[in-house]
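**Q** Here is the input, now give the coordinates:
(chains A and B)
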Amino acid sequence: MTYAFLQNYWWCLIALLGGLLVALMFVQGANLHLGNRTLSDLQKRMILNSTGRKWELTFTTLVTFGGAFFASFPLFYSTSFGGAYWVWVLLLLTFVFQAVSYEFQNKKGNLLGVKGFRIALMVNGILAPFLVGTAVGTFFTGSDFTVNKVAITDPSSPVISTWGNGWHGLEALANYHAVLLGCTLMFLTAILGALYVLNNVDDETIHSRMRRSIKMEIPLFLAFFLVWTVILLVRPGYAVSDAGVVSLEKFKYLHNLLQMPAVLVMLLAGVVLVLTGIWKGAFTQSRKGFWFAAPGTVLVVMAVFFLAGFNGTAYYPSCTDLQSSLTIRNSSSSFFTLKVMSWVSLLIPFVVAYIAYAWHAMDRRKITSDEISETSDKY
Amino acid sequence: MDIVIWSRIQFAMTAAYHWLFVPLTLGLALVMAVMETLYVVKKDDFWKKTAKFWMKLFAVNFAVGIATGIILEFEFGTNWSNYSWFVGDMFGAPLAIEGILAFFMEATFFAVMFFGWEKVSKKFHLASTWLTGIGATISAYWILVANGWMQNPVGTTFNPDTVRSEMASATAFWEVISNPVAVSKFFHSVTSGWLTGGIFTVGVSCWYLLKGREKRFAKSSIIVGGLVGLLGCGCVMLTGDASGVHAAEFQPMKLAAAEGLEDGGRGAAFTIVPGIRVPKMLSFLATHDFNGYVPGINDILRGYTDNDGNVVPSVAEKMRMGRTALDALAEYRSLRESDPAAAAAARAVLEQNVQYMGYGHLEKPEDVIPPVGVVFWAFRLMVGIGMLMALALLLTLFFAWKDRIASKRWLLWAAIWCIPLVYICGQCGWIVAEVGRQPWTIQGLLPVNVAISSLSAGAVRTTFFVFLAVFALFLAIEIRIMLGAIRKGPEVEPENA
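**A** Next up, the predicted model:
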């Protein structure tokens, strides 16, 4: 195993975790319906309990995505988290409230009331995919930072990675291309959420509401996704030479797509699967659309990460100091760390297998109104 | 106040707050797994209902534990940017492994445990309950591997080309995960969780006995909780001894601070409280030899010769060498492309002094002294309360076994008061371990003042107050919900409810 192979392998794993994270954000999307006025309280509670059996998987995937990024590309962690401070803090806060909202919301003495915690879940449902999408959007637009490793020898300003402006990440919200990806993700997770509820809950009214909401979200999702993609393919990108020198290249991401046919195939296959899932959910009587759209989402997100990092591309570019840009080569952990972690990563299929088994065992019977009104094992 | 202070206060608050919830998670997990096992073995529904009651409390506590754990993960990056680059090569790996191996186990099987009673078989459910607790315990191991490395950085070398500590070889990983500091910390922390869970179970059960409610439930819970607590208590004491020996070996300043020892020497006395001392005891505890040498704060500042005959330089000398290392690092990096020979010379100077590189960031020798009073008293409170806990558990278990506990009202009250005490005990343990190692994020290599992010103090102050408000709110809600659930009771014996 060479160092470069291990770096590429870990970029693939980061992409996979990123893809799983976005797909699992169906939890966030489904929770938006907690504010749907056409649903009864019991129906909302069915949705809450349906996502309530899965939210920890999404949450854990986020934590593991962060941990794995930290472990394999620590310079990204130190540069982006310490620099784009407010974006990450905001994202963090919405997840902190999410983590207690299920357990607290229907308990006496919870101070904020059912409504308070439902609002917290909906805020998380909107902001989490939006902020994650916008942050990933900056992988292509670049951010305002510099990396200077000698700084650590200077006691008066020892920080290696410094952000160039006082907005500390909030400036990305004024970057239309990054925001477009945020909006894309927001509508994609809303659709995935509706598809998941359609699959997981047994209730005719809920089904028709979900199908209706998917129909309403299709044009918005497609518009944001298409515009983002077209701009991506025509914009200049951050190329890295073999010597590690970063320069701007016209149509860089289009070149990446054409020069990496496997990624092109992944992207197209993913898009086809997502669209098939959406079509099944919106326009047929099938309830299995989720099982097309979710794997499709994983493929599309992985393809996006590959476009950002492979084929001599800086995945976290600095638009103010090109040579500070982060690449798979200059931001990774050492050879031995990546090697040890690669051995550990062989356990991932085992982890996926027991998750799948537990998921299957728990979902053999779908959630019904009887279950929610009669058992005590619920949120 | 400056950015360093605010970053420290924020992290200390988050870690200490997180540590309010983790011990109960670890302890209750064991208590309820034992109870559910009794249900499956004895086929008695009583044990199912008993286990389910404690699970309900577990779930409330677990949620806040999760909510605060993720904050710690984010804060490493957001508030400690230099730190996360400098240690990422080492520190990230246990964190990623923790996610892959432990968190998914906890998350998956928690959902089965909580919602799966009617959905999966009895045995699968029992396995899920155990796996939730095992997942939490494995998670504690990996995070303490990371923490243990910060206290005793083994298995890594400094690489001037990347400017960070790196894993020195593939086998070095074994050094990292079998780091004696990590291993003893793991057992000390996890078994202190069992103690907390045991005390909590016993205390809540005693409240029912005081009220004359849920008698069978309470007595059975006292036996299970008491045994778990006592087992934890015994292990905590044994591993506490190991922690002392490790502190003496790897972090002598922490030990000196915990003892308030200004001037050490051979046959050092142990101070129980100021004015009451046991001759030679400190030497024995720290080195397992009554005449072992234990350096005091002044000895460390001035330099001394340790038990193995090694000469330890004064702090001023370490600072000089540290500064030399940092200057050599800057020189190496400026010359490595233009003048390879001069760069190699600079690198050699760096390598001679790199052991003390972190000292080069200090302003004055006294910076290496942690807040002595805080650590000194936290240590005494921790040990004192720990002993009280052992006594309380022995008494409650004895009288519960003899079936006379319901009439010992003083003991029932005492057991309830043990609940806040055991939390104070755990927090004191955290203070000794983490305040006692100041100013180092990584012992000898990276002090707090260079571990920070490039943010304004105002930004970190703002998020500090935001988190403070959130934490206060969550704590208030958690306590209210728990008290409500306890008052409502386990509904095992409806006629008593």
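
**Q** Domain-wise, how is chain B divided?
**A** Using automatic domain parsing, the domain parsing of chain B gives B:2-251+B:374-496, B:265-361.

**Q** Ends of the last one, what's the gap?
**A** By that I understand domain B:265-361. Start-to-end span of domain B:265-361 (Cα to Cα, to the nearest Å) is 29 Å.

**Q** Tell me the gap between that domain and the middle of its chain.
**A** 25 Å (Cα atoms, centre = their mean, to the nearest Å).

**Q** Show residues contacting stretch A:208-219.
**A** A:33, A:36, A:38-39, A:187, A:190-191, A:194-195, A:197-198, A:278, A:281-282 (Cβ atoms under 8 Å, 6 or more residues apart in numbering or on different chains). Using the backbone N, CA and C atoms, a C-beta is placed for each residue, glycine as well.

**Q** Among the residues you listed, name the buried ones.
**A** A:H33, A:L39, A:F187, A:A190, A:I191, A:A194, A:L195, A:V197, A:L198, A:I278, A:G281, A:A282 (16 or more other Cβ atoms under 10 Å in any protein chain shown).

**Q** got the contact list for the first one?
**A** So that's A:H33. A:L39, A:K44, A:I47, A:G193, A:A194, A:V197, A:R209, A:M210, A:S213.

**Q** The third one touches A:G29, doesn't it?
**A** No. Assessed by Cβ atoms under 8 Å, A:I47 is found out of contact with A:G29, at 10.9 Å.

**Q** Sitting in helices, which of the contacts of A:H33 do you find?
**A** A:K44, A:I47, A:G193, A:A194, A:V197, A:R209, A:M210, A:S213 (DSSP state H).

**Q** For the stretch 201-350 of chain A, list the residues in contact with chain B, please.
**A** Selection of the stretch 201-350 of chain A residues close to chain B by Cβ under 8 Å from any Cβ of the partner chain yields A:S333, A:S334, A:F336, A:T337, A:K339, A:V340, A:M341, A:V344, A:S345, A:L347, A:I348.

**Q** so which of the domains of chain B is the most packed in?
**A** domain B:2-251+B:374-496 (a mean of 21; mean count of other Cβ atoms under 10 Å in any protein chain shown).

**Q** what about it, distance to the chain center?
**A** 8 Å.

**Q** Show the pLDDT at B:M167.
**A** Looking at B:M167, its pLDDT is 89.

**Q** ok, back up a step: can I get the domains of chain B in a markdown table including distance to A:H168?
**A** Formatted as a markdown table, these follow (distance: least, Cβ to Cβ, whole Å):
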| stretch | distance to A:H168 |
| --- | --- |
| domain B:2-251+B:374-496 | 7 |
| domain B:265-361 | 25 |
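
**Q** A:Y316 touches A:F139, doesn't it?
**A** Yes. With contact defined as Cβ under 8 Å, A:Y316 reaches A:F139; the gap is 6.1 Å.

**Q** how far away is the nearest residue to B:Q355 once chain neighbours are set aside from chain A?
**A** Nearest residue to B:Q355 in three dimensions, chain neighbours excluded: B:G444, at 7.1 Å (Cβ to Cβ, 6 or more residues apart in numbering or on different chains). B:G444 is 15 Å from chain A, where distance means Cβ to the nearest Cβ, to the nearest Å.

**Q** contacting residues around B:G444?
**A** Taking Cβ under 8 Å, 6+ apart as the test, what B:G444 contacts is B:P153, B:Q355, B:Y356, B:M357, B:G358, B:Y359.

**Q** Can you pull the phi/psi pair for it?
**A** B:G444 adopts backbone torsions of phi 80, psi -10, taken as degrees, to the nearest 10.
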